[in-house]
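J.: let's see this in three dimensions:
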Amino acid sequence: MTYRIVGETGEWEVVIGLEVHAQVVSNSKLFSGASTEFGGAPNTHVSLVDAAMPGMLPVVNEKCIEQAVRTGLGLKAKINNYSVFARKNYFYADLPQSYQISQFDKPIVGAGVVILDMPDGTTREIGIERLHLEQDAGKSMHDQDPKRTFVDLNRSGVALMEIVSDPDMRSPEEAGIYVRKIRSIVRYLETCDGNMEQGSMRADVNVSVRKVGSTELNTRCEIKNVNSVRFVMQAIEAEAQRQVELVESGGEVEQQTRQFDPSKGETKAMRSKEFAHDYRYFPDPDLLPIEFSEEYVEAIKATLPELPDEKKQRYMSEYGLSAYDAGVLVVDRETGHYYEAVLGKNRDPKLAANWVISNLFGALKAESKSIEESPVSAEQLGQLLDLIADDTISGKIAKDVFEKMIASGDDPAVIVEKEGLKQITDTGAIEAAVDDVIANSPEQVAQFQGGNEKIAGWFVGQIMKATQGKANPGMVNKMLKEKLG
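T.: Sure thing, here's the model as predicted:
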């Protein structure tokens, strides 16, 4: 996907790498038994370990280790059987220890790859450099008092997986697709809920620019804690434009940490970007290295669900769906479950896909609902397809029935019976309607017999109107051809 910035000195391209912070699905924190529940009152989910009380020692949560390995396997990445927790030293008010327990040169997961499905039907491979576990910091609250800042430690110690990509992305759109794909994978794996609005998934966006044709990696800036896909894309665009204008005006890009202001559509400097040695990483003396066997990894691998890429290929090969339709249906695990429930044992896969993607998604979007909140169950939509298949109703009538199902939640058969919407398949009744329209339309008959075959559509419309849309369209067309010659 080509993305170019045209400057005064020529064309520039953007180089993007993302660090996605995904909160691990676990009932307790990485090094303590405190709750990870979202939305509690300030400082109600805090243990003595999280608050860094003297003498309190961290104990690794085994579930978080398992979830990190599980995610690494989902990313087709190398699992390191030996990894080390390190202290990342920096001072900030919401970091009680004055260091963050993270991982540095020996992360739990190594190199992997994510496949992006591009809008033009092609795919792009984005390299994963590493995944490491680390504890989250607390939250500084600046809006509680005009003169003081308060600190909420509920998030302090919550387990995060930091998924670091290679600088392989070249457009805001690619970055958006990448974040959505990561979110899809972790949701399938149930290792992170992916709720960017609640902060359980967010991204640090690394951006640099270079002249088109150059292979050099120039100085980058990191935009911290971007919490929506749309903002990730907007931040990249704004920061790339800023860097191009800066360089072309004779300035130099400084390695900085920046933040994105969505209301102004611009990034602004927070501080100079630190280098790894500035954090004085060293192995945490309170935590032993993590070591596990290949059998442990294989046992976790055996529990993995069918992931989006594999499910997409199965839908294409088994059900004959297009790459686009299959891709849409596998974005969320719940959508795939719904589609397969609609499909049942012997319904038409392509018809089922069309109804889910076009009709259901359209109705859900209009009501701002997720597929889990759908007023029409998968079983009910399957019943509607059965009514189409056995000629009880036409496809056109089915759309009207579906709208009534969305509004009422009733089964389709109940609506069809109550509204008197059954399709007319009686040959005699249809023939009478056809004969009546032909008898009252001599001018149109003459046009058809004179070679204007397009007017056949007009006849079909008149017959459907006369039968209130209930006549079987196939039977109508066949009978018209026989009678008009």
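
J.: A strand includes Glu431, no?
T.: No. Read with DSSP: H, G, I helix; E, B strand; the rest coil, Glu431 is helix and lies in no strand.

J.: residues in contact with it?
T.: Met479 (CB atoms under 8 Å, 6 or more residues apart in numbering). All C-beta atoms are positioned from the backbone trio N, CA, C, and that covers glycine.

J.: need the pLDDT of it.
T.: pLDDT, Glu431: 70.

J.: distance of it relative to Ala471?
T.: As judged by CB to CB, to the nearest Å, Glu431 and Ala471 stand 10 Å apart.

J.: go on, Arg170?
T.: With CB to CB as the criterion, Arg170 and Ala471 are 55 Å apart.

J.: those two - which one has more neighbours?
T.: Ala471 (24 against 17; other CB atoms under 10 Å).

J.: for the more buried one, grab phi and psi.
T.: Backbone torsions of Ala471, given as degrees, to the nearest 10, read phi -70, psi 140.

J.: thinking it is in contact with Gln462, fair?
T.: No. Between Ala471 and Gln462 there is no contact under CB atoms under 8 Å: 10.8 Å.

J.: for the helix or strand encompassing Lys418, name the packing helices and strands.
T.: Assigned by DSSP states H and E, Lys418 belongs to helix 412-419. For helix 412-419, the packing partners by 3 or more CB pairs under 8 Å, 6 or more residues apart in numbering; DSSP states H and E come out as helix 378-389, helix 395-408.

J.: buried ones in the last one?
T.: Pointing back at helix 395-408 there. Neighbour counts using 16 or more other CB atoms under 10 Å place Ile397, Ala398, Asp400, Val401, Phe402, Lys404, Met405, Ile406 of helix 395-408 among the buried residues.

J.: could you do the shortest one as well?
T.: Buried residues in helix 378-389, defined by neighbour count with 16+ other CB under 10 Å: Ala378, Gln380, Leu381, Gly382, Gln383, Leu384, Leu385, Leu387, Ile388.

J.: got the residue ranges for the helices in the stretch 101-250 of the chain?
T.: 172-189, 229-248 (DSSP state H, counting those that start in this stretch).

J.: from Glu19, how far out is the residue nearest to Arg187 when sequence neighbours are not counted?
T.: The spatially closest residue to Arg187, leaving aside those adjacent along the chain, is Gly194, at 4.9 Å (CB to CB, 6 or more residues apart in numbering). Here Gly194 is placed at a distance of 16 Å from Glu19 (CB to CB).

J.: who has more neighbours, the two?
T.: Applying other CB under 10 Å to Gly194 and Glu19 shows that Gly194 carries more neighbours, namely 21 against 17.

J.: pretty sure the more buried one contacts Val24?
T.: No. Between Gly194 and Val24 there is no contact under CB under 8 Å: 12.0 Å.

J.: quick one: Tyr324 and Asp120 touch, right?
T.: No. Assessed by CB under 8 Å, Tyr324 is found out of contact with Asp120, at 10.5 Å.

J.: higher neighbour count, the two?
T.: Neighbour count, other CB under 10 Å: between Tyr324 and Asp120, Tyr324 has more, with 13 against 6.

J.: specify the local secondary structure of the more buried one.
T.: The three-state label given to Tyr324 by three-state DSSP is helix.

J.: Tyr90: how many residues sit nearby?
T.: 13.

J.: state the pLDDT value of it.
T.: pLDDT, read off for Tyr90, is 87.

J.: now do Ala93
T.: At Ala93, the pLDDT recorded in the model is 86.

J.: cool, and the one 5 residues further on?
T.: The per-residue pLDDT reported for Ser98 equals 92.

J.: list the contacts for it?
T.: Asn89, Tyr90, Phe91.

J.: go on, Gln67?
T.: Applying CB under 8 Å, 6+ apart, the residues near Gln67 are Val24, Val25, Ser26, Ala159, Met161, Thr191.
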